[in-house]
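Q: test case, fold it:
(2 chains)
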Amino acid sequence: MVRSWRKPGHNRYSVEHVKLLDRFSTNNKSLMGTLYLTATHLLFIDAQQKETWILHHHIASVEKLALTTSGCPLVIQCKNFRIVHFVVPRERDCHDIYNSLLQLSKQGKYEDLYAFSYNPKQDDSERLKGWEVIDLAKEYERMGVPNRKWKLCDANREYKVCETYPRELYVPNSAILPMIMGSSNFRSKGRLPVLSYCRQGTEAAICRCSQPLSGFSARCLEDEKMLKAISTANSGNHYMYVVDTRPKHRMQSWWDTQKDIGRIIVRISSKIWNDEKIRESDEKKRLNAMANRAAGKGYENEDNYSNIRFQFVGIENIHVMRSSLQKLLEVNGNKGLSINDFYSGLESSGWLRHIKAVLDAAIFLAKAIVVENASVLVHCSDGWDRTSQVCSLGSLLLDSYYRTMKGFMVLIEKDWISFGHKFSERCGHLDGDPKEVSPVFTQFLECVWHLTEQFPQAFEFNEAFLLQIHEHVHSCQFGNFLGNCQKEREELKLKEKTYSLWPFLLDDKPKYLNPLYSSKSESLTFLEPNTVSFNFKFWRNMYHQFDRTLHPRQSVLNIIMNMNEQNKQLEEDIKDLESKIMQRKNGILAKDLMLANPESPALKTSLCLKEQSLLPVNDTLRAIEGSNPADNRYCDYPEEFSKSEPAVVSLEYGVARMTC
Amino acid sequence: MEFAELIKTPRVDNVVLHRPFYPAVEGTLCLTGHHLILSSRQDNTEELWLLHSNIDAIDKRFVGSLGTIIIKCKDFRIIQLDIPGMEECLNIASSIEALSTLDSVTLMYPFFYRPMFEVIEDGWHSFLPEQEFELYSSATSEWRLSYVNKEFAVCPSYPPTIIVPKSIDDEALRKVAAFRHGGRFPVLSYYHKKNGMVIMRSGQPLTGTNGRRCKEDEKLINATLRAGKRGYLIDTRSLNVAQQARAKGGGFEQEAHYPQWRRIHKSIERYHVLQESLIKLVEACNEQTHNMDRWLGKLEASNWLTHIKEILTTACLAAQCIDREGASVLIHGTEGTDSTLQVTSLAQIILEPRSRTIRGFEALIEREWLQAGHPFQQRCAQSAYCNSKQKWEAPVFLLFLDCVWQILRQFPCSFEFNEHFLIMLFEHAYASQFGTFLGNNESERCKLKLQQKTMSLWSWVNRPSELSKFTNPLFEANNLVIWPSVAPQSLQLWEGIFLRWSRSSKYLDEAYEEMVNIIEYNKELQAKVNILRRQLAELETEDGLRESP
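A: Predicted structure coming up:
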């Protein structure tokens, strides 16, 4: 498995006697083993031959700590929230690993990413078929689009209207080309209002776009007509909502500064008027810059658009989200964390507040459609972060198809990948601007998780599915999430050079099925989650997915999943047995009548095999849940406890206090 | 006294009831000696039967002649009654107030309750100390039953029968009792069959400021140690608090006099600190409008989960001493009736598989809480809504149940009972038709003649029809010690208790049902497969017999 990796000038690709420390251990319990570097992974094999694989692309940061007596500590933080703490005996080795990892974890070009070398041993036709698993044209068909109200518009065939949109855009039937072009010019990055989801049975739709470049007061008649067209495409209601997902206070403070700038401009202008023309060119330059900045932001003025209801929903920007998650992880990484530190950290990080804001926005949108039968147009600034969150979650609340495994993939392909959520920048796939990194998609997954907690039977997939998607959004192992928009993906020839994640997940379907899923409910049942603050919990299985000591020791989900599988097997067995008994009875009957030949020996042997099969099934069932003494995890744990259980004060500590 | 004297208005028509998760109902309100009943004229609507003893506090409001009574229950539910007519409303309110705060225990409902079910097994005799002792006596001969407290004279809060070291006679026990708070001399709480180590509990030693000692006490404690072994003394107070206790005549064991013992101080809060914590938590959970920061801030400020963590940590420590260090433990705080019992009983949940079964858990509550003299009547007199702050209320038992729930969540297959069982125990500890949780100790229960005059909770619970509601479908006996994680990330708010009335659990209940169905179906299929196999095997042998001649 281990491919030898050699750095020029070095012959070594493995380091022995490396210690792996337990992150939450209070007295530095550790595993001894060998560390290997491969072209794609960092691999640690401990004395029990247990392997820990870390993909280089998953590495978010590597840190070398001060030298200790036992060696040189190396802390690796991963994007999937794994944190490993190695102690390398020799400093030189540590330094080498450190430098290698720095290089390997930050790639400069897409072509160096794992996806381009990953080879799951499939031929080209299989790979292409894999890419065809999700077909967005079919998805719009499923929604009943195109229809009399909505049409496929080919203006973006060559990415000429908007580079970050897909080629196929669905717009109202009445939208003519000049309207589309005009509206596109008036919207940030050309991201004009287009259809995201159309609810069958009604005409209410979710549309998305970026902010208008209205600045102080600029208007665009084509854009106004475009919104009018969206509004009239829904005969169910005469008004539509325009949802700006940004917090009102931020927009207002921005608006206030605009007023100030306006005042300054007036003042400057008057100065220019009065003064000589000496400094005019200089001032003019500044004035232009300010006017540009002013024109770079904005929201719809209800006076200019007929029949719109404008609404802010208050989701913070990518920078706030990034630092929020950072704070959260800092707090939770502490050893011996107290309850108060944990909750005050959770509070001050603001993380759950942001999650709630995103979910609340999605509910607002879904309610507008279900309760008021009104269409909704959603935007933030560029319309690829918050807008993606809100549109996709809104659709998920409205349409149970998106709560199936396949439907969820479609949803991600549609609202995230095709509409240009900048996965590569947000996930830091390449060595780029750290300010562009933000956990926007992680938040989306967390919102979905909260929904699965409140509606345990509404989703076909389980938590492991969400975690696996999160894993691969960052792994760069599959082509789906590389690049920042469809155009870029086409240029990278991802479909020819890489594999799609979805068929692999579908192949492993049993692992990701929710055993309690009930598909009986109608296809358009609207989920109405309760978002009172106390419903929001810290998602331990995401942010501590590798810290097993913090998890419940027995997993109800696994047991029920296994039982479901076993039930299927048992049903088969029963059918099998029944048919054999029938055969047997008929055979006996036949024999009784005419003393026919004895039955074939083959049947008997197969029967014996079957007879034994029940027991092993039972055993695996038990072994997985960990309630059996034979389970390794179980035996391990008590051993760990006396020395390392983080939150139980060790005896030594108590004694130390007693004697002093 | 007649209840009729307290009931000023027994019946009011056109009362509107508002309660969580149900639409408002109009009906007739009736007050009886022990219940508040609202029945609507429509069929099919559920009636409300509320025990007066379940009422924690009431508020009155008036708008014109329409009065509103808000009833806050000890199980944290809040219901509202709109009563037409100011006088009726005032009468009802004052009647409820009087009936829910009866002074005399003998006027409580359990003394009037007549069961509508057939008693299969009398719960009063289900868990006799002698039977419990038999479980140990097969494994060890180092302990004996003592009846020194037969008349409750040596220790008023102990039961008449207790387990003590065999080598210590009753005379010595009397001397030790004089040296321990409340006469609570060290007794056996748990015997760990795996290695013969024990958990004992007691009240604090009355060393006082001048370091009084008691030879018999030292002898008793040392008698529990094996040769060359050391033990641990776990004091559930911080060193500071324990030192301050000396000024009031209390104290802790001095190293010099107990050289074979190591003392560890763990701080578990008590009394009003816990009560305030509960009040704050319930207040936070009842508020639907808190934003996220405020909710998290309130949850933190309540300190409830901090108490959970402290208690669980200490219990883990005790269990660790026994199972990992192979050392016996003596646990006490001040009186030895609250935090001590939390720790000894939770340590047994961790160590002893039997205490994770329904029967074993009932025995644990009987032994470690009821007979051990946890003053239920004082502690559970009021709950989270009470305004009048009396000194003795504290949710000690609820904290214990919450800790059990936390372990249950981490080991969902290792307990024979489910969450509903714990919730049921919480409810009955605060208000019940059964006599089990009345009184503060065995001595009081004897005087009240509860066994003769009231029904035991266990008589009701242990009937198959009730048990099925409390049985955990995932249970699979697990003979191991179970170590819970007590990291903040692993502990959770007990939603089944604290958010029970604040949000609907419809979808969660349905999912639970589905889970039970899958498990039941699995059993069915297994049984069917076995029958078919047997059938096929029979046919085969039959066939074989036919062929052989």
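
Q: part of a strand, is residue A:310?
A: Yes. Looking at residue A:310 with DSSP: H, G, I helix; E, B strand; the rest coil, it is inside a strand.

Q: surely it and residue A:304 touch.
A: No. In this structure residue A:310 lies outside contact range of residue A:304 using CB atoms under 8 Å: 10.7 Å. Placement of C-beta: from N, CA and C, glycine included.

Q: of the two, which one has the most company?
A: Neighbours per residue (other CB atoms under 10 Å in any protein chain shown) separate residue A:310 from residue A:304, with residue A:304 holding more: 17 against 14.

Q: ranges for the strands of the stretch 301-450 of chain A?
A: Listed in chain order, the strands of the stretch 301-450 of chain A (DSSP state E, counting those that start in this stretch) span A:308-312, A:376-379.

Q: and the shortest one, which strands flank it?
A: When you say that, I think you mean strand A:376-379. strand A:205-209 (parallel), strand A:240-244 (parallel) (DSSP bridges).

Q: which outside residues touch the last one?
A: The reference is to strand A:240-244. Identification of contacts with strand A:240-244 by CB atoms under 8 Å, 6 or more residues apart in numbering or on different chains yields A:211, A:227, A:230-231, A:234, A:251, A:299-300, A:305, A:307-313, A:361, A:364-365, A:368, A:374-380, A:390.

Q: write the ChimeraX selection for whichever of those are buried.
A: A single ChimeraX command selects the buried members of the contacts of strand A:240-244 (16 or more other CB atoms under 10 Å in any protein chain shown):
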select /A:211,227,230,231,234,251,299,300,305,308,311,312,313,361,364,365,368,374,375,376,377,378,379,380,390
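
Q: okay, now the unreliable bits of the stretch 401-550 of chain A?
A: A:521-524 (pLDDT under 70).

Q: with chain B instead?
A: In chain B, residues with pLDDT under 70: B:1, B:43-45, B:388-389, B:547-549.

Q: same deal with chain A?
A: Checking chain A against pLDDT under 70 turns up A:1-12, A:25-28, A:216-217, A:254-296, A:521-524, A:588-660.

Q: let's see 80
A: A:1-13, A:23-29, A:214-218, A:249-297, A:519-524, A:587-660 (pLDDT under 80).

Q: would you confirm that residue A:45 contacts residue A:34?
A: Yes. Using CB under 8 Å, residue A:45 is in contact with residue A:34, at 5.4 Å.

Q: higher neighbour count, these two?
A: Neighbours were counted for residue A:45 and for residue A:34 using other CB under 10 Å; residue A:45 has more, 18 against 14.

Q: okay, and the beta partners of the more buried one?
A: Bridge pairing for residue A:45 - DSSP bridges - gives residue A:34, residue A:51.

Q: dump the residue contacts of it.
A: A:33, A:34, A:36, A:51, A:52.

Q: how about residue B:106?
A: Applying CB under 8 Å, 6+ apart, the residues near residue B:106 are residue B:448.

Q: which SS class is it?
A: Per three-state DSSP, residue B:106 ends up helix.

Q: that one and chain A, how far apart?
A: 41 Å (CB to the nearest CB, to the nearest Å).

Q: now that residue: how far from residue B:454?
A: 10 Å (CB to CB, to the nearest Å).

Q: chain A: strands as residue ranges?
A: Using DSSP state E, the strands of chain A run over A:14-21, A:30-37, A:41-46, A:51-55, A:59-64, A:72-78, A:83-88, A:150-153, A:169-172, A:194-198, A:205-209, A:240-244, A:308-312, A:376-379.

Q: go on, chain B?
A: Under DSSP E, chain B gives strands at B:11-18, B:25-31, B:35-40, B:48-51, B:55-63, B:66-73, B:78-84, B:143-146, B:162-165, B:187-192, B:197-201, B:231-235, B:261-265, B:329-332.

Q: which among those strands is found nearest to chain A?
A: strand B:261-265 (3.7 Å; CB to the nearest CB).

Q: nearest to residue A:120, out of the strands of chain B?
A: Minimum separation from residue A:120 across those (CB to CB) falls at strand B:187-192, 52.7 Å.

Q: up against chain A, what does the stretch 101-250 of chain B have?
A: Residues of the stretch 101-250 of chain B found near chain A (CB under 8 Å from any CB of the partner chain) are B:232, B:239.

Q: quick check: the residue of the stretch 101-250 of chain B nearest chain A.
A: Minimum separation of the stretch 101-250 of chain B from chain A (CB to the nearest CB) falls at residue B:239, amounting to 7.2 Å.

Q: and the stretch 1-150 of chain A, which residues reach chain B?
A: residue A:24.

Q: regarding the chain, what is its longest helix?
A: You didn't say which chain, so I picked chain A. helix A:556-594 (DSSP state H).

Q: chain B, not that one
A: If each helix of chain B is counted by residues according to DSSP H, the longest one is helix B:506-547.

Q: between helix A:556-594 and that one, find me the angle.
A: Between helix B:506-547 and helix A:556-594, the angle comes out at 30 degrees (axes from the mean of the first three to the mean of the last three CA atoms, to 10 degrees).

Q: helix B:506-547 packs against which elements?
A: helix A:556-594, helix A:601-625 (3 or more CB pairs under 8 Å, 6 or more residues apart in numbering or on different chains; DSSP states H and E).

Q: if we use 6 Å, what do you get?
A: Judged by 3 or more CB pairs under 6 Å, 6 or more residues apart in numbering or on different chains; DSSP states H and E, the packing partners of helix B:506-547 are helix A:556-594.

Q: just the strands paired with strand A:376-379: most buried one?
A: Of the strands paired with strand A:376-379, the one with the most neighbours on average (mean count of other CB atoms under 10 Å in any protein chain shown) is strand A:205-209, at a mean of 27.

Q: could you give the separation of that strand from the chain centroid?
A: 21 Å (CA atoms, centre = their mean, to the nearest Å).

Q: surely residue A:365 touches residue A:395?
A: No. Between residue A:365 and residue A:395 there is no contact under CB atoms under 6 Å: 8.9 Å.

Q: that older thread, of all the strands of chain B, which lies closest to residue A:561?
A: Between those, strand B:187-192 lies closest to residue A:561; by CB to CB that is 35.6 Å.

Q: in its sheet, what does the closest one sit against?
A: strand B:197-201 (antiparallel).

Q: got the residues of the stretch 251-400 of chain A near chain B?
A: By the rule CB under 6 Å from any CB of the partner chain, the part of the stretch 251-400 of chain A lying against chain B is A:337, A:339, A:340, A:342, A:343, A:344, A:346, A:347, A:352, A:353, A:356.

Q: for the stretch 401-550 of chain A, same thing?
A: So far as CB under 6 Å from any CB goes, the stretch 401-550 of chain A lies against chain B at A:455, A:456, A:457, A:516, A:530, A:532, A:533, A:534, A:540, A:544, A:549, A:550.

Q: touching, the third one and residue A:516? I think so.
A: Looking back up the chat, that one is residue A:457. Yes. Contact criterion CB under 6 Å: residue A:457 and residue A:516 qualify, at 5.1 Å.

Q: pull up the overlap in contacts between those two.
A: Common neighbours of residue A:457 and residue A:516 (criterion: CB atoms under 6 Å, 6 or more residues apart in numbering or on different chains): residue B:511.

Q: between the two, who's got more neighbours?
A: Ranked by neighbour count (other CB under 10 Å), residue A:457 and residue A:516 place residue A:516 first, with 23 against 20.

Q: got the contact list for that one?
A: Applying CB under 6 Å, 6+ apart to residue A:516 gives the contacts A:456, A:457, B:511, B:514.

Q: look up the closest residue to the first one, ignoring the ones flanking it.
A: Right, the one you point to is residue A:456. Leaving aside its chain neighbours, residue A:456 sits nearest to residue B:511 (3.6 Å; criterion: CB to CB, 6 or more residues apart in numbering or on different chains).

Q: and that neighbour, what does it touch?
A: With CB under 6 Å, 6+ apart, residue B:511 has these contacts: A:456, A:457, A:516.

Q: go with 10 Å
A: Applying CB atoms under 10 Å, 6 or more residues apart in numbering or on different chains to residue B:511 gives the contacts A:455, A:456, A:457, A:458, A:514, A:516, A:517, A:518, A:560, B:505.
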